[in-house]
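Peer 1: could you work out the structure for the sequence below:
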Amino acid sequence: MITMIKVEKVDNENIIIESDDLTMLTLLNEYLWKTPGVEFAGVSREHLFLKNPKLVISAKDSEKAVENAKEKILSDIEKLKKKILK
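Peer 2: Next comes the predicted model:
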C-alpha cells in the first residue's frame, strides 16, 4: 500500500517522483523504458531507512510519458485478470 507519493516537476522534460513504495517506482520505471520519447528513467535510493526512493524521468513530455506508462500498466493488469479468471 502506498502511503506517500510526491511529484516534483522540474520542467516540461524532467519529473522526480518520490514514494515510500519502491515496488511501484520500479514497475513504473520498467514501463517508462518501453515508452517512446523517454530519454532516461531511473530509481535513486540514498539510504534505506532515512530517505524515500525517487524515480527520475527525462522525456520530451515527461507528464505524457508517465501517463502512457500508467495506462499500459493498467491494461496489462486487466489482461492478467482476464487470464486468471478464465
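Peer 1: now residue 66, what's its secondary structure?
Peer 2: Three-state assignment for residue 66 (DSSP: H, G, I helix; E, B strand; the rest coil): helix.
Peer 1: show the pLDDT at it.
Peer 2: The model reports residue 66 with a pLDDT of 95.
Peer 1: what about the residue nearest to residue 63 when sequence neighbours are not counted, how many neighbours?
Peer 2: Nearest residue to residue 63, sequence neighbours excluded (Cβ to Cβ, 6 or more residues apart in numbering): residue 15, at 6.9 Å. In this view, the C-beta of every residue, glycine as well, is placed from N, C-alpha and C. Residue 15 has 20 neighbouring residues, counting by other Cβ atoms under 10 Å.
Peer 1: remind me which helix or strand the residue positioned nearest the centre of the chain belongs to.
Peer 2: Nearest to the mean C-alpha position of the chain, by Cα atoms, centre = their mean, lies residue 28 at 2.9 Å. If you go by DSSP states H and E, residue 28 is part of helix 22-32.
Peer 1: how about the helices in the chain?
Peer 2: For the chain, the helices defined by DSSP state H cover 22-32, 62-84.
Peer 1: what's next to the longest one, contact-wise?
Peer 2: Taking contacts as Cβ atoms under 8 Å, 6 or more residues apart in numbering, the residues outside helix 62-84 that touch it are 9, 12-15, 17, 27-28, 31-32, 34-35, 37-38, 57, 59.
Peer 1: drop anything exposed from those residues.
Peer 2: 13, 15, 17, 28, 31, 32, 35, 38, 57, 59 (16 or more other Cβ atoms under 10 Å).
Peer 1: any regions of the chain where pLDDT drops low?
Peer 2: Applying pLDDT under 70 to the chain flags the ranges 1-2.
Peer 1: so who does the closest residue to residue 60 other than its chain neighbours touch?
Peer 2: Distance criterion Cβ to Cβ, 6+ apart; nearest residue to residue 60, sequence neighbours excluded, is residue 37 at 4.4 Å. Going by Cβ under 8 Å, 6+ apart, residue 37 touches 59, 60, 61, 64, 65.
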